[in-house]
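**Q** what follows is a predicted structure for the sequence shown.
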Amino acid sequence: MTNRTADHGRIQFDCKAFLAHPGNGKKIGPFTRKQTIFSQGDPADAIFYIHRGTVRLSVVSSAGKEATIGILTEGDFFGESCLTQHALRLSSAIAMTDCLLMRIDKEIMGETLYGEPEFAVMFVGYLLSRNLRYEADLVDQLFNSSEKRLARILILLSQSGKEDELATVIPTLSQETLASMVGTTRSRIGFFLKKFRAIGFVVYAGRNRLQVRTSLVNMVLND
């Protein structure tokens, strides 16, 4: 299938088509919940694009301590360090839910970025946007309390955009994972969740399943 469309007589690269269909050096396949996509130290030979599902990125220090560095969802890329001089994976990627991912070989991704300006602009724009999000995460980690950091993470994970709208957080997200992301203990996470629940901004909708109200932002983040 072609990745190009006509634009006022000019042949334009179709980024959506490139990411939607398998082809030379591109494969689309499912990953089940908790399945390892790649591990830290594996050969860095491809980049991934999320069609559906949620992926957790983590790193393990030389002392064996694990930290969550990102939770990615539909429309996100990961594994882009393969495009640099790093021959090995710098992090691990685990499917937090059932996922549908596109795997793009390093060589094909490099050729497309080099030869198709439209795709390069889209990809660089995505990376800049995600880096801004990571910078906000770092500021949050340095200057906000554990309670505010948890509130922000819950809002980001719920992807809730309307005032007072209830949105479901990833059902497989454990308190241990939240503690790793917030930078605190599991007991503190439990304490804050109980507080949020008492206020009415967090609702339990089954085992390990949370729903979050957007107004949590105004109550906690702007406190």
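**A** Now that the structure is in, tell me what you want to look at.

**Q** what's the neighbour count on Val59?
**A** 15 (other Cβ atoms under 10 Å). Yep, even glycine has a C-beta here, placed from its N, CA and C like the rest.

**Q** now do the same contact list for it.
**A** Applying Cβ atoms under 8 Å, 6 or more residues apart in numbering to Val59 gives the contacts 40, 66-67, 69, 90-92.

**Q** now the buried members of these.
**A** Applying 16 or more other Cβ atoms under 10 Å to the contacts of Val59, the neighbour count classes 91-92 as buried.

**Q** among the contacts of Val59, which two are most distant?
**A** Glu66 and Leu90 (13.8 Å; Cβ to Cβ).

**Q** what helices or strands is the lengthiest helix in the chain leaning on?
**A** Secondary structure assigned by DSSP state H gives helix 117-143 as the longest helix of the chain. Other helices and strands packing on helix 117-143, by 3 or more Cβ pairs under 8 Å, 6 or more residues apart in numbering; DSSP states H and E, are strand 10-13, helix 15-20, strand 77-78, helix 106-115, helix 146-158.

**Q** could you name the helices and strands sitting against the longest one?
**A** Translated: helix 146-158. Using 3+ Cβ pairs under 8 Å, 6+ apart: helix 146-158 touches helix 117-143, helix 175-182, helix 186-199, strand 210-213, helix 216.

**Q** for the third one, the distance to its chain's centre please.
**A** Shown here is helix 186-199, whose average C-alpha point lies 24 Å from the average C-alpha point of the whole chain (Cα atoms, centre = their mean, to the nearest Å).

**Q** give me every residue that touches the most centrally placed residue in the chain.
**A** Most central in the chain under Cα atoms, centre = their mean is Leu72, positioned 1.1 Å from the mean C-alpha point. Neighbour list for Leu72: 50, 54-57, 78 [criterion: Cβ under 8 Å, 6+ apart].

**Q** return the subset of those residues lying in helices.
**A** Among these, no member falls in helices (DSSP H).

**Q** of these - the most surrounded one?
**A** Arg56 (24 neighbours).
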